Structures are given as structure tokens and as C-alpha cells.
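**Student:** with the input below, show me the fold.
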Amino acid sequence: MAKITYIEHNGTRHEVEVRPGMTVMEGARDNGIPGIDADCGGACACSTCHVYVDPAWVDKLTPRDAMEEDMLDFAYQPNPERSRLTCQIKVTETLDGLVVQMPERQI
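**Tutor:** Coordinates of the predicted model:
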């Protein structure tokens, strides 16, 4: 299991364990974490699972692919370095300790 910390825009922290093989979005959904809507169910067809990855973790994630880059254009206040779609981040044991912060809103 990997411990993932989700931080709401208001600062509320949620630390949960997510099984490797799942996505960071599925970990939020399955644990009732508010702030990640995931309207498309993880198909990378919307931007409602957008988060800002903690700077210490940005370079430890696999790079964004072209589809994720396109969807991030629709996200609320995307950050060129830190924005990711949680449906595109596969959980592995090496992500134990990952910290992500939700934007003010999802669009």
C-alpha cells in the first residue's frame, strides 16, 4: 500500500492508503475525498480530477502524455509544472508519501 495525502483547497488533509495498481483518482473516490470529481470516471476525457503535485514529487512521477496535456488546458488554473490529472497517476509502492493538493474548484 502507498500512503497518499490529499489536501483540500481549504487546507484539510486526508491521508489514505491506496493499493498499487489503482490510480490516485481511484484512491480519492474510494475513500470519499472531496475535491476530486472525476466526472469521466478516469478516461482522461475531462479535467475534474486535476491536482497540484507537491514540488518534491513532480520529478518522481511519469511524465504527462499528450492526452493529459490536452485535458489540462481545460483545468481550473493549471500550473505548468505541478498540475496533473489524478486518473493518469498509477499508484506504485514508490509513490508512498505522495502529496497532492486540490485546486479551488474543478471545471
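
**Student:** tell me which stretches of the chain form helices.
**Tutor:** 24-30, 66-72 (DSSP state H).

**Student:** which stretch among those helices comes nearest Gln88?
**Tutor:** Among those, the nearest to Gln88 by Cβ to Cβ is helix 66-72 (4.8 Å). Placement of C-beta: from N, CA and C, glycine included.

**Student:** which strands and helices sit next to the closest one?
**Tutor:** strand 83-85 (3 or more Cβ pairs under 8 Å, 6 or more residues apart in numbering; DSSP states H and E).

**Student:** where are the low-confidence patches of this structure?
**Tutor:** For the chain, no stretch has pLDDT under 70.

**Student:** and the residue nearest the centre of it?
**Tutor:** Centroid-nearest residue in the chain, with Cα atoms, centre = their mean: Thr86, separated by 2.9 Å.

**Student:** of all the helices of the chain, which one is nearest Cys44?
**Tutor:** For the helices of the chain, the distance to Cys44 is smallest for helix 66-72, at 5.2 Å, taking Cβ to Cβ.

**Student:** what is the burial count for Phe74?
**Tutor:** For Phe74, the neighbour count with other Cβ atoms under 10 Å is 12.

**Student:** make 50 the starting number, not 1.
**Tutor:** Yep, numbering from 50; the last one is Phe123 now.

**Student:** which residues touch it?
**Tutor:** 95-96, 156 (Cβ atoms under 8 Å, 6 or more residues apart in numbering).

**Student:** and the buried ones among those residues, selectable in ChimeraX?
**Tutor:** Provided next is the ChimeraX selection string for whichever of the contacts of Phe123 are buried by 16 or more other Cβ atoms under 10 Å:
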select :95,96
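
**Student:** can you redo the contacts of Phe123 as a markdown table with distance to Arg78?
**Tutor:** Shown next, in a markdown table, are the contacts of Phe123 (distance: Cβ to Cβ, whole Å):
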| residue | distance to Arg78 |
| --- | --- |
| Cys95 | 14 |
| Ser96 | 16 |
| Ile156 | 18 |
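
**Student:** cool, thanks, signing off.
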